[in-house]
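Engineer: can't give you the sequence, but here's the structure:
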């Protein structure tokens, strides 16, 4: 009650929640109208969310037969593309999976991806009598730039050496490495995990009931962006890859917040210039909305099909 006996304004808060899906261009628009038409409001709080759940990016059981010249279409993730090597050195059999067939020189095959943070899990069966090196690729920008996990059979004695490599401008450099800690029988289970600048690798035998802790870990910031995923080999003997599964977090969009009209840059009231993992709290905290205006949130640059949620609280004086 005011000094003159006139009731003081009362503040009430209402919440609006809407969901949209990013289109093929990575853009969507959410309009958050005030529920009390014709009455000014203050945006007291807004949260924009992107699901931070792990999702399958690529998968291939290799349950097909291709005599030569490539690996064809993966179960999920697109078509395998030969980056380095002769097409005749690539084939698929139901019994062995994706296979690199002998021949000297490096061989690399990739899927479009892209993977930024996530896990690559697969089974590798190298030739038991060679020192061939298998490679698991991630954040691969081209044939000359990216990361790979290198697995060598150390002279064919069944004692894998596991290393994280960076290829920059065509030059390979080991940024961390170790032995797997024991003589393992092929085939091997392999995991290449990427979380920001932390890259880790694990190798174990399917007979082991519990996956061990990563045997190798490296910190590197050279390639922060999502890139191609794939596998490779550096030897002259056959190398088999099977049960290929890639999971990761969806890329997050960047955000613009407008009042009433997105065609006018003067109406842009808030903007994020870099992606965020999940939350943008209070992006327009305290912004006034006048009668007839709408709050419009435009995320852009995320992965098509990603669902976005915006929850906004409006405060009114009555």
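Structural biologist: Nice, thanks for sending it over. Owing to the predicted nature of the structure, the values given are computational and were not obtained by experimental measurement.
Engineer: could you list the domains of the protein?
Structural biologist: Domain assignment for the chain by automatic domain parsing gives 11-52+251-317, 54-249.
Engineer: pick the most buried one from those domains.
Structural biologist: A comparison of the domains of the chain by mean neighbour count, using mean count of other C-beta atoms under 10 Å, puts domain 54-249 on top with a mean of 18. (Glycine included, C-beta is placed from N, CA and C.)
Engineer: check what pLDDT residue 142 gets.
Structural biologist: Model confidence at residue 142, given as pLDDT, is 87.
Engineer: pop out the phi and psi values for the residue lying closest to residue 34 once chain neighbours are set aside.
Structural biologist: In space, and not counting its chain neighbours, residue 34 is closest to residue 41: 4.9 Å by C-beta to C-beta, 6 or more residues apart in numbering. The phi/psi pair for residue 41 (degrees, to the nearest 10) reads phi -150, psi 160.
Engineer: could you measure from residue 41 over to residue 190?
Structural biologist: Distance, residue 41 to residue 190, using C-beta to C-beta, to the nearest Å: 55 Å.
Engineer: average model confidence for stretch 24-32?
Structural biologist: 78.
Engineer: what's that stretch in contact with?
Structural biologist: Identification of contacts with stretch 24-32 by C-beta atoms under 8 Å, 6 or more residues apart in numbering yields 16, 18-22, 253, 262, 294-304, 308, 310, 312.
Engineer: ditto for stretch 187-197
Structural biologist: With C-beta under 8 Å, 6+ apart, stretch 187-197 has contacts from 115-125, 134, 136, 138-139, 147, 149, 151, 160, 199-206, 211, 214, 219-221, 224, 240, 242.
Engineer: give me that answer again for 7 Å
Structural biologist: Outside stretch 187-197, the residues that touch it by C-beta atoms under 7 Å, 6 or more residues apart in numbering are 117-125, 136, 138-139, 149, 151, 160, 200-206, 219-221.
Engineer: so which of those belong to strands?
Structural biologist: 118-125, 136, 138-139, 149, 151, 200-204, 219 (DSSP state E).
Engineer: was I right about residue 256 contacting residue 267?
Structural biologist: No - if you go by C-beta atoms under 7 Å, residue 256 and residue 267 don't touch, sitting 9.9 Å apart.
Engineer: any idea of the mean pLDDT in stretch 38-55?
Structural biologist: Averaged over stretch 38-55, pLDDT sits at 71.
Engineer: repeat that for stretch 115-127.
Structural biologist: Stretch 115-127 carries an average pLDDT of 86.
Engineer: next one: stretch 241-250
Structural biologist: Averaged across stretch 241-250, the pLDDT comes to 84.
Engineer: circling back to that earlier point, pick out the shakiest of the domains of the chain, pLDDT-wise.
Structural biologist: domain 11-52+251-317 (a mean of 74).
Engineer: kindly check the end-to-end length of that domain for me.
Structural biologist: One end of domain 11-52+251-317 sits 5 Å from the other (C-alpha to C-alpha, to the nearest Å).
Engineer: swap in stretch 42-59?
Structural biologist: Stretch 42-59 end-to-end distance (C-alpha to C-alpha) = 47 Å.
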